[in-house]
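>>> Structure for the following, please:
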Amino acid sequence: MTGTLAPTQPLTAADRCDRCGAQAYVRVLLNSGGELLFCAHHMRKHDDSLRKIASDIQDETDKLHESKTDER
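Down below sits the predicted model:
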């Protein structure tokens, strides 16, 4: 590894929250090299703790607002 972050792919409907199994909208890349996926609810719930151990956070929760706007 060169110390740079690998590019991440967009999250899809197949990506599930590691906490509850709902659709994941956030990918947390850990300093240790692993990753965790979270729904918006569980990311909000654990945000402070996760930011302490994350090397990067891919937040796609804006997709939740886009779909509501598109329906109007």
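>>> Sheet-wise, list the partners of the host helix or strand of Leu29 with their directions.
Taking DSSP states H and E as the criterion, Leu29 maps to strand 26-30. When pairing is defined by DSSP bridges, strand 26-30 lines up against strand 35-38 (antiparallel), strand 54-59 (antiparallel).
>>> Columns distance to Leu11 and mean neighbour count on top of those strands, output as TSV?
For the C-beta atoms, the positions are set from N, CA and C on the backbone; glycine is no exception. Shown next, in TSV, are those (distance: least, C-beta to C-beta, whole Å; neighbours: other C-beta atoms under 10 Å):
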stretch	distance to Leu11	mean neighbour count
strand 35-38	7	20
strand 54-59	7	15
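>>> Reformat these as JSON lines; add mean pLDDT and distance to Ala14.
JSON lines is the format used below for those (pLDDT from 0 to 100; distance: least, C-beta to C-beta, whole Å):
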{"stretch": "strand 35-38", "mean pLDDT": "97", "distance to Ala14": "11"}
{"stretch": "strand 54-59", "mean pLDDT": "96", "distance to Ala14": "16"}
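>>> Format these as JSON lines; extra columns: distance to Leu29.
As requested, the strands paired with strand 26-30 are exported to JSON lines (distance: least, C-beta to C-beta, whole Å):
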{"stretch": "strand 35-38", "distance to Leu29": "5"}
{"stretch": "strand 54-59", "distance to Leu29": "4"}
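>>> burial count for His65?
9 (other C-beta atoms under 10 Å).
>>> give me the beta-bridge partners of the most centrally placed residue in the chain?
Closest to where the C-alpha atoms of the chain average out (C-alpha atoms, centre = their mean) is Val26, at 1.3 Å. As for beta bridges, Val26 partners with Phe38, Asp59 under DSSP bridges.
>>> Could you pull up the residues touching it?
Contacts for Val26 (C-beta atoms under 8 Å, 6 or more residues apart in numbering) come out as 11, 37-40, 43, 57-61.
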